[in-house]
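K.L.:
quick one, structure for this:
(one chain, ligands or ions: 2)
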Amino acid sequence: MKQFLNFINGEFVATAKTFDNRNPATNEVVGQVHEAGQAEVDAAVAAGRAALKGEWGTMSVVKRAELLHAVADEINRRFDDFLAAELADTGKPRSLASHIDIPRGAANFKIFADIVKNVPTESFQMTTPDGGTAISYGLRTPLGVVGVICPWNLPLLLMTWKVGPALACGNTVIVKPSEETPATATLLGEVMNAVGVPKGVYQVLHGFGPGSAGEFITKHPGVNGITFTGETRTGEAIMAAAAKGVRPVSFELGGKNAGIVFADADFDKAIAGITRSAFENCGQVCLGTERVYVQRPIFDKFVAALKAKAEGLKIGGPDMPGVGIGPLISAEHKQKVMGYYAKAKAEGATVITGGGEPAMTGEYANGHFVQPTIWTGLPESASVIREEIFGPCCHIAPFDTEEEAIALANATDYGLATTVWTQDLGKAHRMAAAIEVGLCWINSWFLRDLRTAFGGSKASGIGREGGVHSLEFYTELRNVMVKL
Ligand SMILES: NC(=O)c1ccc[n+]([C@@H]2O[C@H](COP(=O)([O-])OP(=O)(O)OC[C@H]3O[C@@H](n4cnc5c(N)ncnc54)[C@H](O)[C@@H]3O)[C@@H](O)[C@H]2O)c1
Ligand SMILES: O=S(=O)(O)c1ccc(CO)cc1
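P.N.:
Ligands and ions are numbered 1, 2, ... in the order given. Next up is the predicted model:
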């Protein structure tokens, strides 16, 4: 049985307390995870602080960037190991993990290394009151030891999306992977040692949130900042922990994203786009669409076409030929999603397709699979329209005017992402300006340029990461004023 150990100061460390790691496609126990307690958190913080004062703290940006390129190359060299680890942890289709999770996970190290190497700081020349001259310039210094608290939906990608820029900026990191997906973060420890990243720079502590590694890391006074991706409620708890010592946070939180399809959209492209945004990764994507609004003239045609797409998705494990939809992450999450399926019916939804569990056989008989599901006919007050489900499901409602679509999209506490489908460019830009989100896709979804800002507004997050924006969180910007 696999043992997922903590990675502290360059060493793999076992603890006395372990918990099971299950494969969600089969529900089999595939490993034991060693839970870190306060002592391991203290040790990791001490090692992270020591590394800041050692070789890592004085390393040139160029050398750091070279090391991070080597990390990416080593992940790619061990691509099959990372892929196998991610598939065992998540059960997602192999095609998805091999095209998105692993390559993008590796690329995050190269991209942020190159950004930090090339981005200048600001500089101004001014005339002083006595008629002389002064120049000021910005100096970026690392934040220090950064706590990186991760979710389970895109484990390697979302972890490296934060570790890449944090290390590129000269910080040390303590990663707490989700208790559901410990594998790739642990494997990355081997990569760090193999390419010579100094001890204490990258560390991994396993465990849960409250009363476990998550809480101990975020409350630790030796942790200088916390970057977190996960549920909004968890963000509130972490923000309270970070208030002690007034430590900065960067939050990527939940969403209840609207997809808006106008009658003038390219119909086939809109259907393909919403199929992906509602069902990809079994709906376990924060950017996914759980509320779809379709302009009335094409409403019935759209519902019928999306139903056909949903019913065409093959449900199964990572290597099932033609698989389009994998399992949910855990029995607990399946129970939550099935609870919403029941609630939708109880609140009067018309179930267009799905709403239950697929009949799975053989090795997948006990996996956490659910049917992709589409509802219509609910009032906007219904639970499945208000609350984030994080499953392969959406409600579709008709709208008549642009103003109505904007009001519907904005009627939520969340503000993460939207996808708008129209061939009218003027309307597209008006929608982008009016919808209160951090990310607005027009005639596309999850199309990313890693130089751009990423993050949510309202209850969907605090701050922006991505490209140069990551530097705002992972460094302190000091201004130096020189009187000449
Ligand atoms: N906005 C984004 O970019 C983005 C991306 C991916 C996922 N998400 C969100 O993440 C959620 C799904 O992920 P999840 O279920 O893993 O989220 P979660 O909030 O339950 O857990 C995330 C991490 O926080 C840890 N944690 C939980 N309680 C904690 C506490 N009190 N203190 C410290 N750490 C704690 C968990 O152990 C885990 O590692 C969804 O809400 C989804 O929308 C957002
Ligand atoms: O920048 S990306 O790697 O594309 C990315 C994707 C998803 C999320 C959160 O779900 C963050 C960054």
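
K.L.:
Glu402 versus the residue nearest to Leu416 when sequence neighbours are not counted, what's the distance?
P.N.:
Excluding its sequence neighbours, the residue lying closest to Leu416 (C-beta to C-beta, 6 or more residues apart in numbering) is Gly255, at 3.2 Å. Quick note: C-beta positions are derived from backbone N, CA and C, even for glycine. Gly255 sits 22 Å away from Glu402, taking C-beta to C-beta, to the nearest Å as the criterion.

K.L.:
likewise for Leu306?
P.N.:
Separation of Leu306 from Glu402 (C-beta to C-beta): 22 Å.

K.L.:
of these two, which one has the most company?
P.N.:
Per other C-beta atoms under 10 Å, whichever of Leu306 and Glu402 has more neighbours is Leu306, with 25 against 17.

K.L.:
which residues does the more buried one contact?
P.N.:
Ile271, Ile274, Thr275, Ala278, Val292, Ile352, Ile374, Ile396 (C-beta atoms under 8 Å, 6 or more residues apart in numbering).

K.L.:
secondary structure element for the second one?
P.N.:
Meaning Ile274. For Ile274, the element it lies in under DSSP states H and E is helix 267-279.

K.L.:
please apply the same query to Asn76.
P.N.:
With elements taken from DSSP H and E, the one containing Asn76 is helix 61-77.

K.L.:
buried set for that helix?
P.N.:
Using 16 or more other C-beta atoms under 10 Å as the test for burial, helix 61-77 gives Arg64, Ala65, Leu67, Leu68, Ala70, Val71, Ala72, Glu74, Ile75.

K.L.:
which other helices and strands contact the helix or strand harbouring Gly235?
P.N.:
Gly235 is part of helix 232-243, with elements assigned from DSSP H and E. When contacts are defined as 3 or more C-beta pairs under 8 Å, 6 or more residues apart in numbering; DSSP states H and E, helix 232-243 sits against helix 213-219, strand 225-229, strand 249-252, strand 461-462.

K.L.:
how does it look with 7 Å?
P.N.:
helix 213-219, strand 225-229, strand 249-252 (3 or more C-beta pairs under 7 Å, 6 or more residues apart in numbering; DSSP states H and E).

K.L.:
nearest to Ile315, of these?
P.N.:
Comparison of those against Ile315 by C-beta to C-beta identifies strand 225-229 as nearest, at 26.5 Å.

K.L.:
any idea how far apart the tips of stretch 442-454 sit?
P.N.:
One end of stretch 442-454 to the other measures 16 Å (C-alpha to C-alpha, to the nearest Å).

K.L.:
give me the buried positions along it.
P.N.:
Ile442, Asn443, Trp445, Phe446, Leu450, Phe454.

K.L.:
try stretch 34-50
P.N.:
34-37, 40-41, 43-45, 47-50.

K.L.:
tell me the SS of the closest residue to ligand 1 within the stretch 201-350 of the chain?
P.N.:
Per C-beta to the nearest ligand atom, Gly209 is where the stretch 201-350 of the chain lies closest to ligand 1, at 2.1 Å. Classification of Gly209 using DSSP: H, G, I helix; E, B strand; the rest coil returns coil.

K.L.:
per-residue confidence at it?
P.N.:
pLDDT recorded at Gly209 is 98.

K.L.:
show me what contacts it?
P.N.:
Gly209 makes contact with Glu215, Thr234, according to C-beta atoms under 7 Å, 6 or more residues apart in numbering.

K.L.:
distance of it relative to Asn171?
P.N.:
Distance, Gly209 to Asn171, using C-beta to C-beta: 22 Å.

K.L.:
quick check: bridge partners of the residue nearest to Leu52 when sequence neighbours are not counted?
P.N.:
Closest residue to Leu52 apart from its sequence neighbours, by C-beta to C-beta, 6+ apart: Thr172 at 5.8 Å. Using DSSP bridges, the bridge partners assigned to Thr172 are Val145.

K.L.:
ok, now the one 4 residues further on?
P.N.:
On the basis of DSSP bridges, Lys176 takes part in beta bridges with Ile149.

K.L.:
number of residues surrounding it?
P.N.:
Neighbours of Lys176 (other C-beta under 10 Å): 30.

K.L.:
leaving out the residues flanking it, which one is nearest to whichever residue of the stretch 51-200 of the chain sits closest to ligand 1?
P.N.:
Per C-beta to the nearest ligand atom, Pro151 is where the stretch 51-200 of the chain lies closest to ligand 1, at 3.2 Å. Among residues not flanking Pro151 along the chain, Gly230 sits closest, at 4.6 Å (C-beta to C-beta, 6+ apart).

K.L.:
that neighbour and Ala397, how far apart?
P.N.:
In terms of C-beta to C-beta, Gly230 sits 28 Å off from Ala397.

K.L.:
ok, Leu188 next?
P.N.:
43 Å.

K.L.:
those two: which has the busier surroundings?
P.N.:
Leu188 (28 against 18).

K.L.:
host element of that one?
P.N.:
Per DSSP H and E, Leu188 falls inside helix 183-195.

K.L.:
that helix and ligand 1 in contact?
P.N.:
No - Helix 183-195 stays clear of ligand 1 (C-beta under 6 Å from any ligand atom), getting no nearer than 10.1 Å.

K.L.:
does the helix or strand just after that helix reach ligand 1?
P.N.:
Using DSSP H and E, the helix or strand that follows helix 183-195 towards the C-terminus is strand 202-204. No - using C-beta under 6 Å from any ligand atom, strand 202-204 stays clear of ligand 1, with a minimum separation of 11.5 Å.

K.L.:
need the contact partners of strand 202-204.
P.N.:
6-8, 44, 47-48, 163, 167, 173-175, 177, 185-186, 188-189, 192.

K.L.:
what mean pLDDT does stretch 250-268 have?
P.N.:
On average, stretch 250-268 scores 98.

K.L.:
please spell out which residues along that stretch are buried.
P.N.:
In terms of neighbour count (16+ other C-beta under 10 Å), stretch 250-268 has its buried residues at 250-263, 265.

K.L.:
near ligand 1, which residues of the stretch 201-350 of the chain show up?
P.N.:
Contact residues, the stretch 201-350 of the chain versus ligand 1 (C-beta under 6 Å from any ligand atom): 208-210, 214-215, 218, 229-231, 234, 237-238, 252-255, 286.

K.L.:
and the nearest residue to Phe454 once chain neighbours are set aside, how many neighbours?
P.N.:
Residue nearest to Phe454 in three dimensions, not counting chain neighbours: Gly466, with 3.9 Å by C-beta to C-beta, 6+ apart. Neighbours of Gly466 under the rule other C-beta under 10 Å: 20.

K.L.:
Asp449 is in contact with Gly466, correct?
P.N.:
No - taking contacts as C-beta atoms under 7 Å, Gly466 lies outside contact range of Asp449: 8.7 Å.

K.L.:
coming back round to it: tell me the mean pLDDT for the helix holding Gly235?
P.N.:
The average pLDDT within helix 232-243 is 98.

K.L.:
relative to strand 225-229, how tilted is it?
P.N.:
Interaxial angle, helix 232-243 versus strand 225-229 (axes from the mean of the first three to the mean of the last three C-alpha atoms, to 10 degrees): 180 degrees.

K.L.:
quick one: distance of stretch 320-330 to the chain centre.
P.N.:
19 Å (C-alpha atoms, centre = their mean, to the nearest Å).

K.L.:
pull out the buried residues from it.
P.N.:
Per 16+ other C-beta under 10 Å, stretch 320-330 contains these buried residues: Met320, Val323, Gly324, Ile325, Gly326, Pro327, Leu328, Ile329, Ser330.
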